[in-house]
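Undergrad: Kindly generate the corresponding structure for this input.
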Amino acid sequence: MQVHVVHAHPSEHSFTAQVRDELLRGLADGGHTATVSDLYRMGFATDMTEAEYLRDAHYDATPPLAPDVVAEQRRINAADALVLVYPVFWTEAPAKLVGWFDRIWSYGFAYGQEAGGFPMKTLDRALVIAVAGHTEAELVEQGRLQAMRTVMLDDRINDRARSKDLVLLGGTSRDDPERREANRPIHLRRVYELAVGLGR
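TA: Numbers count the residues shown, from 1 in each chain. Predicted coordinates:
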């Protein structure tokens, strides 16, 4: 399976970066191939320009897209699966990843295909891996996990993938070393196993 991985974390010294690395190791061991867009490392511009806004606001797929947007869209369309890896900031993905969706999910690609443009393929699989300081139980009790699923899976992914899941890696906060050290190895093993078996 060809997999496109989008990673969004400002620090290479983070647990989220370790998750990315374990994901890539599992993909390789599972016989998959991967491309990676590391949004902070590549300096991906996440603010929409006025021209990009007007293009989408007027449902007009004819104005050309910026080269960085086209490159990302081509990586997605060359893949069978899309995997997003990010930390949870205030119940949401980092602004860098939100801005990625703002620009990449353009009219004529992610929606409005009947108008022409460069339509997005329907992916076989979409996997969202979110790293959180709170535990899964805490986020469920607060109603936040369902909010995350609604935004990521129901809105952003929607029917753009035949199969979709959000995997929460919770209880990783630095302010609770005992819980953090117990949970992190379990999470890394889970990510590795998910990667090896992706698509099966």
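
Undergrad: and the most centrally placed residue in the chain, which of the three is it?
TA: Nearest to the mean C-alpha position of the chain, by C-alpha atoms, centre = their mean, lies L84 at 2.2 Å. Three-state assignment for L84 (DSSP: H, G, I helix; E, B strand; the rest coil): strand.

Undergrad: residues of the lengthiest helix in the chain that come out buried?
TA: Scanning the chain for the longest helix, with DSSP state H as the assignment, gives helix 177-196. Judged by neighbour count using 16 or more other C-beta atoms under 10 Å, the buried positions of helix 177-196 are 183-184, 187-188, 190-192, 194-196. The way it works is simple: take the backbone N, C-alpha and C, and place the C-beta from them, glycine included.

Undergrad: could these be laid out in a markdown table, adding distance to D60 and pLDDT?
TA: A markdown table is the format used below for these (distance: C-beta to C-beta, whole Å; pLDDT from 0 to 100):
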| residue | distance to D60 | pLDDT |
| --- | --- | --- |
| N183 | 47 | 88 |
| R184 | 47 | 90 |
| H187 | 43 | 95 |
| L188 | 45 | 96 |
| R190 | 43 | 97 |
| V191 | 40 | 98 |
| Y192 | 44 | 98 |
| L194 | 39 | 97 |
| A195 | 39 | 98 |
| V196 | 43 | 97 |
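
Undergrad: now the helices: where do they sit in the chain?
TA: 15-29, 50-57, 67-77, 95-104, 136-142, 144-149, 177-196.

Undergrad: comparing the ones you listed, which gets the lowest mean pLDDT score?
TA: Note on the helices of the chain: helix 177-196 shows the lowest mean pLDDT, a mean of 89.

Undergrad: just checking, what packs against that helix?
TA: helix 15-29, strand 123-131, strand 161-169 (3 or more C-beta pairs under 8 Å, 6 or more residues apart in numbering; DSSP states H and E).
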